[in-house]
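>>> 3D model of this:
(one chain, ligands or ions: 3)
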Amino acid sequence: MTQHGLNLSYPLTELRIGAKQLVSSLLQGVNLYLIGIMGVGKTTVGRLLAKELGYGFLDTDNVIAQVTGKSINQLFAQVGEVGFRKLESDVLSQVCAFTKLTIATGGGIVLRQENWGYLHHGLIVWLDTPVEIIYSRLAEDTTRPLLQDADPKGKLRSLLEQRTPLYSQADLHITEREGDTPEDVAKRILEAIPSVLKKTVSH
Ligand SMILES: Nc1ncnc2c1ncn2[C@@H]1O[C@H](COP(=O)(O)OP(=O)(O)OP(=O)(O)O)[C@@H](O)[C@H]1O
Ligand SMILES: O=C(O)C1=C[C@@H](O)[C@@H](O)[C@H](O)C1
Ligand SMILES: [Mg+2]
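Numbering: from 1, shown residues only. Ligands and ions are numbered 1, 2, ... in the order given. Okay, here's the model as predicted:
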């Protein structure tokens, strides 16, 4: 984030008065990227954050589906995970050229090294939710091809375990607490952004 030359001289009391305005002015149009395993709420919380910040909202999964005219399930069936990952990188490489966006990413965006070059154009937020909660949310959902497994909960656990070192490279780590609404999570992110920007430049 230091390459953005953010102005960090702000009175802390302002955080309580107008967190949204403060965060907007601190970010100076820098994009927010939400990463995390499927079902943590990247799409849901991303929309709320965009509204709060006066940012546009994009979801890489939705952009891929719109551009190809196919669902994520159809793409996995037709071009495989490898083909899907190429499309995902193409989309990310294009959207990172814009500013003032909150971008919800697909859960596997962290897997390709080249994607990190694009993600680091912005501020990266890792949404982290206990597997039990994610599972209860997605148990009836058939739109995630990687969860079409004999043991979907085990699959979620193993994906999270494999990807945790990658998600950990985010600028900000927000852990969802039991009972947190999407609004609570968005608020916690907004409140945490000033501290992470401050921490980055003081090193
Ligand atoms: N804090 C929350 N409390 C309750 N339900 C939530 C919360 N966050 C998200 N949800 C619900 O969980 C489901 C999954 O959320 P969402 O689609 O936003 O996850 P995602 O991280 O974008 O997943 P994917 O990586 O598969 O795109 C949705 O039905 C959403 O309404
Ligand atoms: O975690 C993953 O690898 C995925 C998450 C979804 O957002 C989709 O991008 C797709 O279902 C793959
Ligand atoms: Mg999503």
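
>>> from the chain's centre, how far out does the lengthiest strand in the chain sit?
Criterion DSSP state E: the longest strand present in the chain is strand 123-128. Put simply, strand 123-128 sits 5 Å off its chain's centre (CA atoms, centre = their mean, to the nearest Å).

>>> Use 45 as the first number for this chain going forward.
I'll keep to 45 as the first residue from here, and by that count the last item is strand 167-172.

>>> Export that strand to PDB, keeping only CA atoms.
The C-alpha trace of strand 167-172 is given here as PDB (Å, rounded to 0.1, in the frame of the first residue of the first chain):
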ATOM      1  CA  LEU A 167      -6.100  -3.300  -0.200                       C
ATOM      2  CA  ILE A 168      -6.800  -7.000   0.300                       C
ATOM      3  CA  VAL A 169      -9.200  -8.100   3.000                       C
ATOM      4  CA  TRP A 170      -9.400 -11.800   4.100                       C
ATOM      5  CA  LEU A 171     -12.800 -12.700   5.400                       C
ATOM      6  CA  ASP A 172     -12.500 -15.700   7.700                       C
END
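
>>> Assumed residue 159 was part of a strand.
No - per DSSP: H, G, I helix; E, B strand; the rest coil, residue 159 lies outside any strand segment and is helix.

>>> can you tell me which residues contact it?
132, 133, 136, 153 (CB atoms under 8 Å, 6 or more residues apart in numbering). Where C-beta positions appear, they are placed from N, C-alpha and C, glycine not excepted.

>>> ok, the helix or strand hosting the second one near ligand 3 or not?
Taking DSSP states H and E as the criterion, residue 133 maps to helix 116-139. No - when contact is scored as CB under 5 Å from the ion, no part of helix 116-139 falls within range of ligand 3; the minimum is 9.6 Å.

>>> what's the following helix or strand after that helix?
Using DSSP H and E, the helix or strand that follows helix 116-139 towards the C-terminus is strand 145-148.

>>> how about the residues of the chain near ligand 1?
Contact residues (CB under 6 Å from any ligand atom) of the chain with ligand 1: 80, 82-88, 105, 148, 150-151, 181, 188, 220, 224-226, 229.

>>> List only buried entries from those.
80, 82-88, 105, 148, 150-151, 188, 220, 224, 226, 229 (16 or more other CB atoms under 10 Å).

>>> which ones among those come in contact with ligand 3?
Contacts with ligand 3 within those, counted by CB under 5 Å from the ion: 86, 87.

>>> Of the buried ones among the residues of the chain next to ligand 1, which belong to helices?
If you go by DSSP state H, these have 86, 87, 88, 105, 226, 229 in helices.

>>> hmm, which two among the residues you listed are most spread apart?
Using CB to CB, the pair of those lying farthest apart is 105 and 229, separated by 18.8 Å.

>>> Against ligand 3, how distant is residue 147?
According to CB to the ion, to the nearest Å, residue 147 stands 11 Å off from ligand 3.
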